[in-house]
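# Let me see the structure of the following:
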Amino acid sequence: MYFFLATLSFADICFTSTTIPKMLWNIQTQSQVITYAGCLTQMYFFILFGGWDDFLLTVMAYDRFVAICHPLHYMVTMNPRLCGLLVLVSWVISVLNSLLQSLTLLRLSFRANVEIPHFFCEFNQ
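Model prediction:
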């Protein structure tokens, strides 16, 4: 459980670190723009760490399910190798998901020097 909590807190720190540096840079320079490449990079990492949060919460729910429903078999079922494998699989799935989402934006045709008047890029709802 503590391994998953430590991994989740690391993912949360990385998740908030995707937008805060650009926001602070915009406040410091009084600029309100982000480049298209910066937008793609920011969206990739935002989706990556957001998806990793979701998958880690799913893994933690499975961990609690095993602990509640099979308490005597918990240490055998949730061994350190399986815990590491679950975190690795959640990381790989979130990397592939964010790569797929970001690559779909590269197919869109824009001019070469596009600046977006925000510090954060997001998909349309």
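# so what's the most centrally placed residue in the chain up against?
Ranked by distance to the mean C-alpha position of the chain (Cα atoms, centre = their mean), the top residue is residue 49 at 1.0 Å. Listed by Cβ atoms under 8 Å, 6 or more residues apart in numbering, the contact partners of residue 49 are 11, 12, 14, 15, 18, 94. Every residue, glycine included, has its C-beta placed from N, CA and C.
# check contacts around residue 93.
51, 55.
# Now do it, the pLDDT please.
Residue 93 is assigned a predicted lDDT (pLDDT) of 96.
# any idea how far residue 107 lies from residue 82?
Per Cβ to Cβ, to the nearest Å, residue 107 is found 38 Å from residue 82.
# between the two, which one's more packed in?
Set residue 107 next to residue 82 and count neighbours by other Cβ atoms under 10 Å: residue 82 wins out with 13 against 6.
# what helix or strand is that one on?
helix 80-106 (DSSP states H and E).
# that older thread, now do the residue nearest to the centre of the chain against residue 93, distance only.
13 Å.
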